[in-house]
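1. Structural data only, the sequence is not supplied:
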């Protein structure tokens, strides 16, 4: 008898917050980064497909599946910029990990918080391979929900300890400052993007809700800088002036998706880009010299969610940071689904909450 | 303030069984059929796409999304024939309904039981339009997990009250007999398919785990019969001899999917078929005369799951047949996801389990 075949571990938002606090944000980001990098290094073992998107006037709902042949994962994620007007999140997400051999889900988890963490972890992994080796100062343009995660991931992985913050809304900058207080950063709140990028070796752009905005213009970007472009992530949403792209060596996750959703949607469809995974495996060169501008055109890909799901599965096993969901029908006799329903009419013996189990 | 934005109603397997028993199986099937037919009648208002399948040596994991522009739904479903050897189900499923306007999930539910119900409801809806008007006797070839649901759906919608059962495993037939006892059927357990189809006006084939099997041969099918072919539903899995197909008028759900997965994978890719929805709207003719053989080549389509999700959402509202899952991050300030995590470290005031709510 295999016990509790009907149960799927579920990590709620509350459990995810407690898990992150229990592990510690920086350690969580460091460990998660290792999972992300490990999966990038075995890129070719994944089934890859651009996300399956359902567009409407108000936003988009997407399914992002992938599989490494042993484990299958997918994320449900929406993007609805108008949501914040009604007190809702622009983006919410949840995800599922399943066993390829049986098709049975083995984990369901909230992924709004987890996506914020994996996005930051991926940015930091990319920067580890692309940013100047001595980079300690980062500008963060856009101080919304993703900004603190980016800051902490770059601190944990690269040792970035000086931040220059700018947001068109000073309240967002103040919120970011407040949340990062006491975490070992020297932080400067700036009054413009121009001011924020002064002296920064890394520029992270992570603004929201802009249609073909130009957060960075060409003159703002000096030689040797690494640009971590996170905010441009769907058709019609970009952050960088096209001229910056033409001066940069561009690194992407999955070209078929990035050409539609990333900054490079502004360029010709055959503009040369380098796949990030090839840098990690040594097949391609990342940063060549001190004057080169590197650009990570991040849009977020299914394998990163897969890495995050794997990490959470490994971390919650044996802890109190999940509950079991009675999600899978599990009749005593597989062909007797109908009989299982009939038997549910009779009260179960005390203590028997799991309906048999094979 | 919108309360409890973080919560998503979840219908567990236990709740689904209790809901079915509370409503009554036949009434559930009748009401669900009305939702299925309503959605078939507005077929053109749906975003349709063949299911997104991830194949492996052991089986398949699929995502089946659709949307009517106001509501979005998807089902996760696996198919692993070898699972039963380890006490697992061949097929398990769960599904989600979401609001297109906000992208927020509004229902999550088990769908193993619900899929069995919607498959039977869809078969009965099709037969209502295709079977001989006076049909009261149905053969069911294959007496596994789907058989009782088929029987009860045809009783509820068409008044079928005589059943002729056959399965290569007599234990399956006995199980089906036992489960249907006292439900108003006259049931004959048969020793062969030939015997089972004698005098039947409707033939339902719903066998499992066969590679290009021939459950029905040409000589078994007389004039005027309606064939409800449920078991052939993936590439390489069919139940009917090709000659039967050539003598039948064939009705399908969504041709791009059925040509890959259905009985008609045995035919030329341009073999004429009629889309079921056009019969329901009156654009095409269903049964023309008493000697015609009609065939519903059922594979199961995303809109049927959508109908089932809609029905369950409507039925559980205001009842005790669901629980709330803390699945969506809902910070007081949408841009302050990180602050929400920090605040989770402090114990919440007594009674405050919902973290604010915009």
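-> Perfect, I can see it now. Note that the structure is predicted; figures quoted are calculated from it, not measured.
2. Domain ranges for chain A, per the record?
-> Structural domains assigned to chain A are A:7-113+A:304-343, A:132-300, following automatic domain parsing.
3. Pull the distance from the longest one to the chain's centre.
-> The gap between where domain A:132-300 is centred and where its chain is centred comes out at 15 Å by C-alpha atoms, centre = their mean, to the nearest Å.
4. pLDDT averaged over it - what is it?
-> Here the mean pLDDT over domain A:132-300 is 93, rounded to a whole number.
5. thinking again about what came up before, can you check which of the domains of chain A gets nearest to chain B?
-> Between chain B and the domains of chain A, the shortest gap by C-beta to the nearest C-beta is with domain A:7-113+A:304-343, which sits at 2.3 Å. To be clear about C-beta, it is placed using only N, CA and C from the backbone, and glycine gets the same treatment.
6. Compare the domains of chain A and give me the one nearest residue B:116.
-> Residue B:116 sits nearest to domain A:7-113+A:304-343 of all the domains of chain A, at 5.7 Å, using C-beta to C-beta.
7. Return the set of buried residues in stretch A:238-252.
-> Of the residues in stretch A:238-252, those buried under the neighbour-count criterion (16 or more other C-beta atoms under 10 Å in any protein chain shown) are A:238-241, A:244-245, A:248-252.
8. Okay, and which of these map to strands?
-> Secondary-structure check on the buried residues of stretch A:238-252 using DSSP state E: residues within strands are A:248-252.
9. quick one: contacts for the residue nearest in space to the middle of chain A?
-> Among the residues of chain A, residue A:119 comes closest to the average C-alpha position under C-alpha atoms, centre = their mean, at 2.9 Å. Counting by C-beta atoms under 8 Å, 6 or more residues apart in numbering or on different chains, residue A:119 makes contact with A:146, A:149-150, A:230, A:298, A:300, A:304.
10. now with 10 Å?
-> By C-beta atoms under 10 Å, 6 or more residues apart in numbering or on different chains, the contact list for residue A:119 reads A:146, A:149-150, A:153, A:206, A:230, A:233, A:298-300, A:304-305, A:308.
11. In JSON lines, list the domains of chain A along with distance to chain B.
-> Conversion of the domains of chain A to JSON lines gives the following (distance: least, C-beta to the nearest C-beta, whole Å):
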{"stretch": "domain A:7-113+A:304-343", "distance to chain B": "2"}
{"stretch": "domain A:132-300", "distance to chain B": "4"}
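12. Now do the nearest residue to residue A:131 once chain neighbours are set aside: how many residues are near it, please.
-> Closest residue to residue A:131 in three dimensions, ignoring its sequence neighbours and counting by C-beta to C-beta, 6 or more residues apart in numbering or on different chains: residue A:226, at 3.8 Å. For residue A:226, the tally of surrounding residues (other C-beta atoms under 10 Å in any protein chain shown) stands at 27.
13. Could you tell me which ranges of the stretch 1-150 of chain A sit under the pLDDT cut-off?
-> Within the stretch 1-150 of chain A, the stretches falling below the threshold (pLDDT under 70) are A:1-3.
14. repeat that for 50
-> When the per-residue scores of the stretch 1-150 of chain A are filtered using pLDDT under 50, the ranges that remain are A:1-2.
15. in chain A, which spans are helices?
-> Assigned helices in chain A, in chain order: A:13-23, A:25-41, A:112-130, A:147-158, A:170-180, A:193-197, A:242-247, A:255-261, A:276-280, A:302-316, A:337-343 (criterion: DSSP state H).
16. I'd like the ones you listed laid out as TSV, including distance to residue A:326.
-> Formatted as TSV, the helices of chain A follow (distance: least, C-beta to C-beta, whole Å):
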stretch	distance to residue A:326
helix A:13-23	17
helix A:25-41	29
helix A:112-130	23
helix A:147-158	33
helix A:170-180	37
helix A:193-197	50
helix A:242-247	50
helix A:255-261	36
helix A:276-280	39
helix A:302-316	18
helix A:337-343	13
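17. For residue B:74, find the nearest of those.
-> Among the helices of chain A, helix A:302-316 comes nearest to residue B:74, with 15.3 Å by C-beta to C-beta.
18. name the helices or strands packed onto the closest one?
-> With contacts defined as 3 or more C-beta pairs under 10 Å, 6 or more residues apart in numbering or on different chains; DSSP states H and E, the packing partners of helix A:302-316 are strand A:7-11, helix A:13-23, helix A:25-41, strand A:60-67, strand A:71-79, strand A:93-99, strand A:105-110, helix A:112-130.
19. follow-up on the earlier one: which among the contacts of residue A:119 gets closest to residue A:323?
-> Of all the contacts of residue A:119, the one sitting nearest residue A:323 is residue A:308; the distance, using C-beta to C-beta, is 19.4 Å.
20. Please verify my assumption that that closest one contacts residue A:35.
-> Yes. Counting by C-beta atoms under 10 Å, residue A:308 touches residue A:35, with 7.2 Å between them.
21. burial measure for residue A:182, as a count.
-> As a burial measure, residue A:182 scores 6 neighbours (other C-beta under 10 Å).
22. Name the nearest residue to residue A:28, ignoring sequence neighbours.
-> residue A:20 (5.4 Å).
23. Return the set of residues that bridge with the residue nearest to residue A:131.
-> With DSSP bridges applied, residue A:226 shows beta-bridge pairing to residue A:202, residue A:294.
24. check contacts around it.
-> Residues counted as contacts of residue A:226 (C-beta under 10 Å, 6+ apart) are A:126-127, A:129-132, A:135, A:138, A:158, A:200-204, A:248, A:251, A:286-287, A:292-296.
25. could you redo the last one with a cut-off of 7 Å?
-> Contact criterion C-beta atoms under 7 Å, 6 or more residues apart in numbering or on different chains gives A:127, A:130-132, A:135, A:201-202, A:294 as the residues in contact with residue A:226.
26. cool, and residue A:203?
-> For residue A:203, the contacting residues are A:139, A:141, A:197, A:216, A:225, A:227-228, taking C-beta under 7 Å, 6+ apart as the criterion.
27. Could I get these in JSON lines, plus columns for neighbour count?
-> Putting the contacts of residue A:203 into JSON lines (neighbours: other C-beta atoms under 10 Å in any protein chain shown) gives the following:
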{"residue": "A:139", "neighbour count": "28"}
{"residue": "A:141", "neighbour count": "28"}
{"residue": "A:197", "neighbour count": "23"}
{"residue": "A:216", "neighbour count": "23"}
{"residue": "A:225", "neighbour count": "23"}
{"residue": "A:227", "neighbour count": "28"}
{"residue": "A:228", "neighbour count": "27"}
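28. I'm done for today, thanks for sticking with me.
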